[in-house]
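Engineer: only the shape, not the letters, is given here:
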């Protein structure tokens, strides 16, 4: 890492660790003070002017600390909209019509609506759109991790069409968060296995437990490699294939990693007061958001089949030439 990235990582790590999974909407001020939402907005537009590598590093740390604040959503929303003021968020779905600068229809999967100034959503006819958060009419809910979500039915609300792939960039953000959360859950599992005594010795001394932790470590490493790889691909330009592959690989890692974390911990891993569930609940939720396994498999599979087996390796290596 460069000196600037080291400073950014140290700042984000300390800030997110101080807030963690118990952060509330009022704690957004601490994030706003360091202007992290503008991480991907160019300096000429009043932003941080960071790179995709910077963004993945910061979002991975948000996942590592199970941060209960919409840093990922705000960073991607600001990048897509080009706005350097106000807090944006993302909606994962939109059905309706966008015509004459107005949207009529339904938004779903609005992340952390409280305190948001605007939302960036997929446009029904392709691309993206920016809308003000409605003052009323939100149907509030939460994902399995307890993170706030909402839906809204709108009638001719002012909306600006913009280029961009909300689902793709949302998936990139979730991949980075998944990588961080897997690393944190792995660290908890290793520490527990080394401290918990059974039959006169630490759990970590049993070969079966060691094998489980080694498998877990491989899955966490794969998710981290996927996140780093997609950041590098984005730095070279558009990366739809890499995003699809990275989110799918991270999703698969969630299934193995979360299960093994709870197997190693046993019953204590499911208790409210123990620190594992803030990570595994988020992992389960993020696996489904901005494209689940079936969605990204459906995006990748037809491309690969159409090209044929003889072109598979050549096509993958060509992406990094």
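Structural biologist: Looks like it arrived, so ask away. A quick note: this is a predicted structure, and the numbers were derived from the prediction, not measured.
Engineer: and the gap between residue 14 and residue 20?
Structural biologist: 12 Å (CB to CB, to the nearest Å). All C-beta atoms are positioned from the backbone trio N, CA, C, and that covers glycine.
Engineer: ok, now residue 309?
Structural biologist: Where residue 20 is concerned, residue 309 sits at a distance of 47 Å (CB to CB).
Engineer: please enumerate the strands of the stretch 151-300 of the chain.
Structural biologist: 197-198, 201-202 (DSSP state E, counting those that start in this stretch).
Engineer: what's the first one in contact with?
Structural biologist: Defining contact as CB atoms under 8 Å, 6 or more residues apart in numbering, one finds that strand 197-198 is touched by 203, 206.
Engineer: distance from the chain centre to it, please.
Structural biologist: 36 Å (CA atoms, centre = their mean, to the nearest Å).
Engineer: quick one, which of residue 309 and residue 20 is more surrounded?
Structural biologist: With neighbours defined as other CB atoms under 10 Å, residue 309 and residue 20 compare such that residue 20 has more, 15 against 8.
Engineer: right, and the more buried one touches residue 64 too?
Structural biologist: No - using CB atoms under 8 Å as the test, residue 20 is too far from residue 64 to be in contact (10.1 Å).
Engineer: what about the helices in the stretch 51-200 of the chain?
Structural biologist: 52-64, 71-81, 166-195 (DSSP state H, counting those that start in this stretch).
Engineer: pipe those helices into JSON lines and attach mean neighbour count and distance to residue 281 per row.
Structural biologist: Below are the helices of the stretch 51-200 of the chain laid out as JSON lines (neighbours: other CB atoms under 10 Å; distance: least, CB to CB, whole Å):
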{"stretch": "helix 52-64", "mean neighbour count": "25", "distance to residue 281": "12"}
{"stretch": "helix 71-81", "mean neighbour count": "26", "distance to residue 281": "16"}
{"stretch": "helix 166-195", "mean neighbour count": "24", "distance to residue 281": "10"}
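Engineer: now those in a markdown table, with distance to residue 222 and mean pLDDT?
Structural biologist: As requested, these are exported to a markdown table (distance: least, CB to CB, whole Å; pLDDT from 0 to 100):
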| stretch | distance to residue 222 | mean pLDDT |
| --- | --- | --- |
| helix 52-64 | 14 | 98 |
| helix 71-81 | 20 | 98 |
| helix 166-195 | 9 | 97 |
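Engineer: next, format these as CSV and append distance to residue 91.
Structural biologist: Output for the helices of the stretch 51-200 of the chain, formatted as CSV (distance: least, CB to CB, whole Å):
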stretch, distance to residue 91
helix 52-64, 18
helix 71-81, 9
helix 166-195, 8
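Engineer: between these, which gets nearest to residue 37?
Structural biologist: Within these, the stretch nearest residue 37 is helix 71-81; the backing value is 4.0 Å (CB to CB).
Engineer: give the other helices and strands that the closest one contacts.
Structural biologist: helix 52-64, strand 88-99, strand 118-122, strand 128-132, helix 166-195 (3 or more CB pairs under 8 Å, 6 or more residues apart in numbering; DSSP states H and E).
Engineer: counting by contacts, list what the first one packs against.
Structural biologist: Yep, that's helix 52-64 we're talking about. Secondary elements touching helix 52-64 (3+ CB pairs under 8 Å, 6+ apart): helix 3-19, helix 71-81, helix 166-195, helix 207-236.
Engineer: between these, which gets nearest to residue 265?
Structural biologist: That would be helix 166-195 among the helices and strands packed on helix 52-64, by CB to CB, at 5.7 Å.
Engineer: show me what that closest one is packed against.
Structural biologist: Counting by 3+ CB pairs under 8 Å, 6+ apart, helix 166-195 packs on helix 52-64, helix 71-81, strand 88-99, strand 118-122, strand 201-202, helix 207-236, helix 240-265, helix 277-288.
Engineer: can you list contacts of the fourth one?
Structural biologist: So that's strand 118-122. 76-77, 80-81, 83, 86, 88-94, 107, 110, 113, 128-133, 162, 164, 166-167.
Engineer: same question, the second one
Structural biologist: Helix 71-81 is contacted by residues 16, 31, 36-41, 47, 55, 58-59, 62, 83-84, 87-90, 111-112, 118-120, 128, 130, 162, 164, 166, 169-170, 172-174, 176-177 when judged by CB under 8 Å, 6+ apart.
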